[in-house]
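Student: give me coordinates for this.
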Amino acid sequence: MNRFVLSCESTVDMPYSYLSARDIPVAFYSYWVDGREYPDDMLRDPEALPRFYSFLENGKLPFTSQLNEYAYTQYFESLSDRGDLLHIAFGSGMTKSVQNAQRAADALNEANADRKIVVIDSLCSSSGYGMLVDYAADLRDNGCEMDEIISWVMAHRTKIHHQFFSHQLDYYRRSGRISGPAATLATILNICPIMRLDDAGKIIAYDKVRGKRAAIRRTIDTMEQHAVGGASYNGKCFICHSDCLDEAIMTRAAVMQRFPDISGDIRIFNIGTIIASHCGPGTVAVFFLGDDRPPMA
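Tutor: A predicted model of the protein is given here:
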């Protein structure tokens, strides 16, 4: 039996079956289309992700929102019979939900001094957030105490690198990440912006190249610059994509060629419906453990 519960949120962009097998409970986000709510399904229903992309293809724009304090309170209380709780939350660079999680945890801690709930802002997103949780689960399974894992997560959350590119920029324009004229010109010229998360978990578009293959090369070059050990990197590597599996497979092949010592499989995941509501189709991201992520320029 674990001495505490490790939990996360559905925006880790990993299959629910994987997290369930690792005994990691999940708090689920939702999105809305035409006034109807749909859960961030995490591949529990094989029809859920195709349905989401059909909405996008038909010009329907999903709406997402934070998890509120009440939702966190209900979620935390549902785990109360399992002891202390370490909840790693979706990064505050993407959402302010973590503030609601902290308020819920504070209220429950005050009401019950016999049980401790700790909420950590991951400062991560998508499968990079999933990687941070996965490393925390490794430590738990190796017998580390909750306080030891908290210390490791706090020290390493800004060392999980998020490198990504996209060849479809309408949703980045809609979210304000890229200006309208810049997105239009990039589409005409087949330009892919190269992006990453900074040390606060916010998106930076820091370079641009022409074409998908050049985007993959630039992404892999940056990984070599920042990964622990450079080309000898032997940590975890995850890749995720939003409805562009071919590009994700090409990226994995490039990573395997450059980094032959990577630990375990380079797993490819789907970007879930919450994050894909803001990035749209056509995004590929690579995640790895490296040096400290750079600050906002």
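Student: quick one: end-to-end length of stretch 134-153, please.
Tutor: Its first and final residues considered, stretch 134-153 spans 11 Å by C-alpha to C-alpha, to the nearest Å.
Student: where does pLDDT dip in this protein?
Tutor: 1-2, 169-190, 296-297 (pLDDT under 70).
Student: what's the burial count for Leu86?
Tutor: 21 (other C-beta atoms under 10 Å). In this view, the C-beta of every residue, glycine as well, is placed from N, C-alpha and C.
Student: direction included, what does the host helix or strand of Cys8 pair up with?
Tutor: Element membership for Cys8, per DSSP states H and E: strand 4-9. Strand 4-9 pairs in its sheet with strand 26-27 (parallel), strand 84-89 (parallel), by DSSP bridges.
Student: tell me which residues in stretch 132-145 are buried?
Tutor: 132-137, 139-140, 144 (16 or more other C-beta atoms under 10 Å).
Student: taking those residues one by one, which sit in helices?
Tutor: 132-137, 139-140 (DSSP state H).
Student: and which of those residues is nearest Thr273?
Tutor: Val133 (18.6 Å; C-beta to C-beta).
Student: which parts of the chain are strands?
Tutor: With DSSP state E as the criterion, the chain has strands at 4-9, 26-27, 30-33, 36-39, 63-64, 84-89, 117-121, 160-166, 191-197, 203-210, 237-241, 267-270, 283-289.
Student: how about a markdown table for the ones you listed, with distance to Pro50 added?
Tutor: Converted to a markdown table, the strands of the chain look like this (distance: least, C-beta to C-beta, whole Å):
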| stretch | distance to Pro50 |
| --- | --- |
| strand 4-9 | 23 |
| strand 26-27 | 21 |
| strand 30-33 | 14 |
| strand 36-39 | 12 |
| strand 63-64 | 19 |
| strand 84-89 | 28 |
| strand 117-121 | 32 |
| strand 160-166 | 20 |
| strand 191-197 | 25 |
| strand 203-210 | 26 |
| strand 237-241 | 15 |
| strand 267-270 | 11 |
| strand 283-289 | 17 |
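Student: contact partners for Met256?
Tutor: 262, 266 (C-beta atoms under 8 Å, 6 or more residues apart in numbering).
Student: same thing but at 10 Å, please
Tutor: The contact partners of Met256, by C-beta atoms under 10 Å, 6 or more residues apart in numbering, come to 237, 262, 265-266.
Student: any idea how far it lies from Asn58?
Tutor: According to C-beta to C-beta, to the nearest Å, Met256 stands 37 Å off from Asn58.
Student: on that earlier part again, the strands of the chain: which one's closest to Arg51?
Tutor: Comparing the strands of the chain by C-beta to C-beta, strand 36-39 comes nearest, at 7.6 Å.
Student: which elements pack onto that closest one?
Tutor: Using 3 or more C-beta pairs under 10 Å, 6 or more residues apart in numbering; DSSP states H and E, the elements in contact with strand 36-39 are strand 30-33, helix 48-57, helix 273-279.
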